[in-house]
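Engineer: one predicted model, sequence on top.
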Amino acid sequence: MLTSVHVADIGAVGPVWRPPTKAKVPGLVSAEGGMAARLTSSMSPKLDPGRVVTVARWQSESSLDAYLSTTGSAFADGWVARCEPVRAVGEWTGIEPNLPSARTPERDEPIIVVAQTKIKWGRAMDLMKFTAEASGTMMMSNALKWGSTYVGAPAFGSVTMWQSAAEMVDAVYNHRSGFGNATAPLETEMDRATTEPAAYGEGGHRGAVTANDHSPFFEKWAYVRLRPLRLSGEVAGNNPLTSRVFG
């Protein structure tokens, strides 16, 4: 199913903006997003109040074109990626159930990675610890070309863009992060659920995966790897993004 990723600067209405709904947009299957926040290794979010990020799924490309051509579209003048999903784990409206789930990429190519979640509020602080550590690790990789999180309570997510799928897998899964126990093996089997990040030898993203297996952070979640088919538009200012993000 055609998936689109949108980034747009819409000014003062950013904090109160909400994604379009399929009841009002013909051909839209689902859309989630919210106010953009830059990747950071700090637990204090770096919000961009005038910028919004959305991930949408469409019945056809003509439906997307029609939406972008309307005067009510917040994304008509922003950055747009039209994408083909190539890997998915978790569940979300509009994600095909038969997509591959294997972590190893079938092709070495530029990719966009989308994480979509609805968190359990009681686990928010624990998740923020892992997210900050994982963001710090990703930001050290030269393969990361652009990234942002978004806040659209109760939905939260992230969009990251990588020069190659193989480099993304290496950066995200094969490196320890700072708060992890250096003597613990990767993907430690825990005897009990714990919310203390340092108990997990992985730290960061891998630690979050292990911790979520024992005591879930989310009511609902999905992680999708996308193959960009066509990029257009741009946003300037903080954390700029152009159609040449992959070079």
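Structural biologist: Received it, and whenever you're ready, just let me know what you need.

Engineer: contacts only, for E109.
Structural biologist: Residues near E109 by CB atoms under 8 Å, 6 or more residues apart in numbering: 164-165, 227. (Each C-beta comes from the backbone N, C-alpha and C, glycine too.)

Engineer: turn those into JSON lines, columns for neighbour count.
Structural biologist: Listed next are the contacts of E109 as JSON lines, based on neighbours: other CB atoms under 10 Å:
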{"residue": "S164", "neighbour count": "16"}
{"residue": "A165", "neighbour count": "23"}
{"residue": "R227", "neighbour count": "16"}
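
Engineer: lowest-confidence one in those?
Structural biologist: Lowest pLDDT within the contacts of E109 is found at A165 (89).

Engineer: in this structure that one contacts R107, no?
Structural biologist: Yes - under the criterion of CB atoms under 8 Å, A165 lies in contact with R107, with a separation of 7.1 Å.

Engineer: so who does the most centrally placed residue in the chain touch?
Structural biologist: Computing the C-alpha centroid of the chain and ranking residues by CA atoms, centre = their mean puts S158 first, at 2.5 Å. Contacts here follow CB under 8 Å, 6+ apart; on that basis S158 touches 39, 113-115, 147-150.

Engineer: how about K22?
Structural biologist: By CB under 8 Å, 6+ apart, the contact list for K22 reads 28-31.

Engineer: and R227, that one's in a strand?
Structural biologist: Yes - the assignment for R227 by DSSP: H, G, I helix; E, B strand; the rest coil puts it in a strand.

Engineer: of the contacts of K22, which belong to strands?
Structural biologist: Using DSSP state E, the members of the contacts of K22 that fall within strands are 28-31.

Engineer: could you pick out the buried ones from those?
Structural biologist: For the ones in strands among the contacts of K22, burial is judged from neighbour counts taken by 16 or more other CB atoms under 10 Å, and it is met by 28-31.

Engineer: check those residues and tell me the two furthest apart.
Structural biologist: Within these, two members stand farthest from each other by CB to CB: V29 and A31, at 8.3 Å.
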